[in-house]
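K.L.:
fold the following and give me the result.
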Amino acid sequence: MKIQISSHFVKELRSKTGAGMMDCKKALQAADGDMAVAVETLRKRGLASADKKSTRLALEGLINSYIHTGSRIGVLIELNCETDFVARRIEFQQLAKDLAMQIAACQNVFYVSINDIPQNIIDREIRIESAKEDIFNKPLQIKDQIIKARLEKRLKEISLMSQPFIKDQNISIEDLVKQHISLLGENIKVRRFQRFLLGEALDMI
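P.N.:
I've put the predicted structure just below:
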């Protein structure tokens, strides 16, 4: 016999995951009312369906801006989706605002994803890590493993999609975008962004 799930509990799960009401109710019933288990179940399903949509063209969307308190930091971001209908959805517009705020808060982030980082930047980071004194006397195999781990950590630090979401540290920006793909039923892509710091020099990373 399925347990009874209150509408308030279902709405709370929907708020956490962006999944449909019936999906939330079924997930809670299957989890015997355990919110954490239901969230995990829906995220697995949502991310799987989002992955299928991630290859579709996203040419619509919007450009959004965020100006931090004090007007010393500003961000412009272009967020793409497949249709103008989804671009007008409040959830899509809120996602754009959240991403712009995230970029303002993460001033070491310069690229959308690790795949967007130029090879010359990767080569430079490898040279920097290879020259560090703490690995000079280590065996070559160990040294290579350390450099690889440090490089991966550094590349994640400068890519937006790898960042923990500032409003929920349990998910990454990539997960956040995939949740919205599942919720809205369209591919969503962060195409580009630009951060402006008052008085900042023009040279970047």
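
K.L.:
from F193, how far out is the most centrally placed residue in the chain?
P.N.:
Note on the chain: the residue nearest the mean C-alpha position is I173, at 1.3 Å, using CA atoms, centre = their mean. Distance of I173 to F193, given as CB to CB, to the nearest Å: 11 Å. Quick note: C-beta positions are derived from backbone N, CA and C, even for glycine.

K.L.:
now the common contact residues for the two.
P.N.:
Listed contacts common to I173 and F193 are 99, 160; contacts here mean CB atoms under 8 Å, 6 or more residues apart in numbering.

K.L.:
what's near enough to touch the residue nearest to the centre of the chain?
P.N.:
Counting by CB under 8 Å, 6+ apart, the residues that I173 touches are 99, 102, 160-165.

K.L.:
lowest-pLDDT helix or strand in the chain?
P.N.:
Least confident helix or strand, the chain: helix 35-53 with a mean of 69, by mean pLDDT, DSSP states H and E.

K.L.:
next secondary structure after it?
P.N.:
Later in the chain than helix 35-53, the nearest helix or strand by DSSP states H and E is strand 60-67.

K.L.:
quick check, F92 in contact with I188.
P.N.:
Yes: in this structure, F92 is within contact of I188 by CB atoms under 8 Å, at 7.4 Å.

K.L.:
those two: which is more packed in?
P.N.:
Per other CB atoms under 10 Å, whichever of F92 and I188 has more neighbours is I188, with 28 against 22.
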